[in-house]
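A.B. asks: mind folding the following:
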Amino acid sequence: MWNRSLSVVLAVGLVLGAAGLGVLGASSLVGDMRTEAGPLVSGQIPGIASASSPMMATLAVTPPSVDVGQSINVVTTPSGGNPSPGYSYTYHNMPAGCTIAESQSFSCGPTQTGMFSVDVTVVDNNGNTTNSNTVSFTVDSVPTADLSVSPQFITQGQSVTVNTVVSGGSGSFSYNYLGLPPGCGQTSQMFSCTPSESRDYSIHVTVMDSNGGSNTSNTENLQVNSSSGNSGNGGSGGNNSSNPFSNLLSGFSGVLSLLLIAGIVGFATWILLIVGVWIIAIVLMRRLPKRGAATPATAAAVTMKCANCSAAIQAGSKFCPECGTSQAPRTP
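C.D. replies: Next up, the predicted model:
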């Protein structure tokens with residue numbers, strides 16, 4: 001009986017000893033694996049150092065709409081893979097002005113208009129790649145504004161129409177007019193108003209689109225003249241008709257103006273008449289021969305020709321002053 005119990009005890013001891021040796025060996029193996037593979041990560045299988053989570057990349061572009069010359073912000077958020085020492089980025093379908101950036105985040109100013117659908121390819125240190133989502137954004141041209149004012153010459157009490165034609169830009173527009181006359185304070189694209197003050201105005205407008213891009217238009221001139229009694233204003237017309245002295249003064253001023261014009265015309269006529277007579281007298285005096293001047297016939301009667309050299313000499317001369325020949329009649 002005792003021998004049987006001792007055998008059972010020995011058997012149990014052997015089993016426990018073998019189990020202890022197994023535990024020690026397993027612990028040593030795990031320690032070696034940790035030494036080679038590094039510290040354990042939650043959810044990671046010990047001894048598999050090259051295992052990594054799947055790569056992903058999320059792309060964001062803001063704002064979704066800009067004008068040429070404005071900036072966009074591009075940000076890529078990668079995850080997974082082996083990021084050490086870093087990821088590389090290749091962007092696709094970027095507009096002109098944003099084609100050389102290859103970093104995780106950057107800002108650029110597109111110089112090309114249109115709608116662009118862009119994405120990015122991300123590569124980790126092990127050569128693993130992933131493509132991001134596709135993001136679309138729009139690049140619009142800068143708005144331009146052409147202002148017109150019609151008519152440009154009015155009388156106070158008349159209306160004028162202001163119109164702004166916009167091209168380019170994006171979305172809705174706001175209008176900031178400068179130089180409008182009192183009575184014209186609108187801020188819409190097109191409106192009519194009645195100026196309440198007579199003088200000259202220089203008007204222009206600054207247009208801004210939904211992207212914040214702006215442009216200042218050309219400048220248009222508006223001349224508002226003061227209203228007269230016959231301008232069609234009922235109040236002022238009634239005042240003029242009920243004031244006979246004002247009407248009389250107005251008529252008298254008109255008569256004086258006519259008399260002044262007639263006087264100027266008459267004076268000018270007399271000046272022209274006198275000048276004409278003076279010119280005619282000068283012409284006639286130049287045409288009349290001078291007193292004492294010899295006519296051709298008289299000159300021929302008081303001169304004669306030299307018998308020797310035929311020079312013209314005074315009649316009755318005895319000798320020719322040119323050749324000295326005697327002019328006495330020769331006897332045959």
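A.B. asks: need the contact list for the closest residue to T216 other than its chain neighbours.
C.D. replies: Distance criterion C-beta to C-beta, 6 or more residues apart in numbering; nearest residue to T216, sequence neighbours excluded, is T206 at 4.8 Å. Every residue, glycine included, has its C-beta placed from N, CA and C. The contact partners of T206, taken as C-beta atoms under 8 Å, 6 or more residues apart in numbering, are A145, Y175, N176, L178, S214, N215, T216, S217.
A.B. asks: what helix or strand is T206 on?
C.D. replies: Applying DSSP states H and E as the criterion places T206 in strand 200-208.
A.B. asks: buried residues in that strand, which are they?
C.D. replies: Y201, I203, H204, V205, V207, M208 (16 or more other C-beta atoms under 10 Å).
A.B. asks: for the stretch 1-150 of the chain, what spans make up the helices?
C.D. replies: 2-37 (DSSP state H, counting those that start in this stretch).
A.B. asks: tell me the mean pLDDT for the helix with the most length in the chain?
C.D. replies: In the chain, assigned by DSSP state H, the helix with the most residues is helix 244-287. The pLDDT scores in helix 244-287 average 84.
A.B. asks: please apply the same query to stretch 183-197.
C.D. replies: Rounded mean pLDDT across stretch 183-197 is 92.
A.B. asks: which residues touch it?
C.D. replies: Here stretch 183-197 has contacts from 154, 156-164, 166, 173-177, 180-182, 201, 222, 224, using C-beta under 8 Å, 6+ apart.
A.B. asks: distance from it to the middle of the chain?
C.D. replies: Here stretch 183-197 is found 24 Å from its chain centre; the criterion is C-alpha atoms, centre = their mean, to the nearest Å.
A.B. asks: what do you get for stretch 274-287?
C.D. replies: That offset, for stretch 274-287, works out to 67 Å (C-alpha atoms, centre = their mean).
A.B. asks: returning to what we had before: and the contacts of T206, which are buried?
C.D. replies: A145, Y175, S214, N215, S217.
A.B. asks: from those residues, which is closest to V277?
C.D. replies: Nearest to V277 among the buried ones among the contacts of T206 is S217, at 63.9 Å by C-beta to C-beta.
A.B. asks: and the closest one, how close does it get to T113?
C.D. replies: 21 Å (C-beta to C-beta, to the nearest Å).
A.B. asks: for V75, same thing?
C.D. replies: V75 is 23 Å from T113, by C-beta to C-beta.
A.B. asks: neighbour count: these two, which is higher?
C.D. replies: T113 (16 against 13; other C-beta atoms under 10 Å).
A.B. asks: test my guess that that one contacts V68.
C.D. replies: Yes: judged on C-beta atoms under 8 Å, T113 makes contact with V68 at a distance of 6.1 Å.
A.B. asks: which neighbours do these two share?
C.D. replies: With C-beta under 8 Å, 6+ apart as the test, T113 and V68 both reach V139, D140, S141.
A.B. asks: now the buried members of those residues.
C.D. replies: Buried among the shared contacts of T113 and V68 (16+ other C-beta under 10 Å): V139, D140.
A.B. asks: kindly reformat the shared contacts of T113 and V68 as CSV containing pLDDT and distance to W270.
C.D. replies: Formatted as CSV, the shared contacts of T113 and V68 follow (pLDDT from 0 to 100; distance: C-beta to C-beta, whole Å):
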residue, pLDDT, distance to W270
V139, 96, 79
D140, 96, 75
S141, 94, 71
